[in-house]
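Asker: Attaching a predicted model along with its sequence, questions to come.
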Amino acid sequence: MTAAIIDGKAVAARTNEETAQAVAEFTDRTGTRPGLATILVGDDAASAVYVESKRRTSVRLGMADFHRHLPSTASRDDVARLLDELASDDAVSGILLQLPLPESLDTTGLVDLIPPSKDVDGLTTASAGLLARGLPGLRPCTPLGAVELLDSSEVTLSGSRVVVVGRSELVGRPLAQLLLQRDATVTTAHSRTQDLPAVTRDADVLVVAAGVPGLIGAEHVKKGAVVIDVGIHRTETGLAGDVRFDEVVGVASAITPVPGGVGPMTIAMLMRNTLTAAIMVSEPQQ
Ligand SMILES: NC(=O)C1=CN([C@@H]2O[C@H](COP(=O)(O)OP(=O)(O)OC[C@H]3O[C@@H](n4cnc5c(N)ncnc54)[C@H](OP(=O)(O)O)[C@@H]3O)[C@@H](O)[C@H]2O)C=CC1
Ligand SMILES: Nc1nc(=O)c2c([nH]1)NC[C@@H]1CN(c3ccc(C(=O)N[C@@H](CCC(=O)O)C(=O)O)cc3)C=[N+]21
């Protein structure tokens, strides 16, 4: 048996088409475009590539592009001032502060200057609280993308055993919360987990966001499980994930590739969140 390949690129393209359509309707109705502000601090090459990709996609879908680039020497006050300015600009629907920030800057303190209504990355303490409580709010893009891929493959979440490897604020933790809301039986594994293969072999659905190249092999996967690989690494032979794809493809029933899996979905969910943020401002809930 060889696993079905879950085509994130195709699902993202379909999602983006729907978003573009909804952006056009929004613009007809309100006379304004949803606007995405991306902020890059410093010159990390990978971050610059991701930000470019987000900007390019937002423009293609009909949104307004507000990009700001600060030098790696920018102070906390420089970043805070910029965030305040974008927070009070009505043309800006969503603000994305690309991570990681240079080490000298206090990431949580700065992210929390983004108003929850513009937090299209879903990373502020306020958004995390809303998610934990199950209240309406903007959710982090990569977890949303992973769940969307599972839905697109018609994977049953309710009652299923899902193991998430990783507990970061950006991916693992919010993903576990989203899956709990979908009534999955969720286990979160991390670097202190004992006997990781025994834990992951229990999973009907295994989502890996550990940031360790090739961490997960055939010995970690139950026959017929669905495997979502969030990891992304630049290697000499190209991009690779946290999962040894060549091994696991022979054990799983479905698997995401890297590239072409979760990555494109992250951007598609950012676009959808930006539209949602714009709509929430133009049509506030009663
Ligand atoms: N495709 C996409 O759109 C995106 C991809 N990524 C990628 O996903 C990966 C994870 O990102 P992120 O969550 O930000 O990473 P972090 O480094 O912030 O978190 C990694 C998590 O994995 C856990 N972990 C590390 N090593 C092991 C191990 N050997 N066994 C079990 N758990 C382990 C850590 O545990 P502990 O808490 O104990 O330290 C931690 O909770 C990276 O490769 C990143 O590049 C990230 C965002 C978007
Ligand atoms: N505030 C913040 N929000 C983020 O969402 C965020 C972040 N910081 N920091 C870094 C991670 C990483 N991330 C990715 C986005 C797209 C792809 C993506 O499009 N990947 C393509 C390939 C891209 C390529 O060719 O390099 C793919 O997997 O097919 C990957 C990874 C978002 N992140």
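Answerer: Yep, that arrived. Ligands and ions are numbered 1, 2, ... in the order given.

Asker: which residues touch the least confident helix or strand in the chain by mean pLDDT?
Answerer: The least trusted helix or strand in the chain, going by mean pLDDT, DSSP states H and E, turns out to be strand 233-235, with a mean of 93. Counting by Cβ atoms under 8 Å, 6 or more residues apart in numbering, strand 233-235 makes contact with 46, 213, 239, 240, 241, 242, all of which sit outside it. For every residue, glycine as well, the C-beta is placed using N, CA and C.

Asker: can you confirm the third one is in a helix?
Answerer: Yep, that's residue 239 we're talking about. No - per DSSP: H, G, I helix; E, B strand; the rest coil, residue 239 lies outside any helix segment and is strand.

Asker: For it, which non-adjacent residue is spatially closest?
Answerer: Spatial nearest neighbour of residue 239, excluding adjacent residues (Cβ to Cβ, 6 or more residues apart in numbering): residue 259 at 4.8 Å.

Asker: do residue 163 as well
Answerer: residue 203 (3.8 Å).

Asker: So the nearest residue to residue 27 once chain neighbours are set aside versus ligand 2, what's the distance?
Answerer: Closest residue in space to residue 27, ignoring its immediate chain neighbours: residue 33 at 5.2 Å, by Cβ to Cβ, 6+ apart. Using Cβ to the nearest ligand atom, to the nearest Å, residue 33 is found at 22 Å from ligand 2.

Asker: So what does residue 33 look like in phi/psi?
Answerer: Residue 33 adopts backbone torsions of phi -100, psi 150, taken as degrees, to the nearest 10.

Asker: and it, what does it touch?
Answerer: Contact partners of residue 33, counting by Cβ under 8 Å, 6+ apart, are 23, 26, 27, 62, 63, 64, 278.

Asker: So the last one versus residue 178, what's the distance?
Answerer: When Cβ to Cβ, to the nearest Å is applied, the distance between residue 278 and residue 178 equals 22 Å.

Asker: Look at those two and report which has more neighbours.
Answerer: Comparing residue 278 with residue 178 by other Cβ atoms under 10 Å, the one with more neighbours is residue 278, at 27 against 19.

Asker: just checking, that one touches residue 26?
Answerer: Yes - counting by Cβ atoms under 8 Å, residue 278 sits close enough to residue 26 to count as a contact (6.2 Å).

Asker: Quick check: neighbours shared by those two?
Answerer: Residues touching both residue 278 and residue 26 by Cβ under 8 Å, 6+ apart: 33, 34.

Asker: Show me which residues of the stretch 1-150 of the chain sit near ligand 2.
Answerer: Residues of the stretch 1-150 of the chain lying close to ligand 2 by Cβ under 6 Å from any ligand atom are 49, 50, 53, 96, 97, 98, 99, 121, 141, 142.

Asker: So which of the residues you listed belong to helices?
Answerer: Mapping these onto helices (DSSP state H) picks out 49, 50, 53, 141, 142.

Asker: Show me how to select, in PyMOL, the buried members of the residues you listed.
Answerer: To isolate the buried members of these in PyMOL, using 16 or more other Cβ atoms under 10 Å:
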select buried, resi 50+141+142
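
Asker: Need the per-residue pLDDT for the residue nearest the centre of the chain.
Answerer: Here the mean C-alpha position of the chain is nearest to the C-alpha of residue 142 (Cα atoms, centre = their mean), at a distance of 1.7 Å. Looking at residue 142, its pLDDT reads 98.
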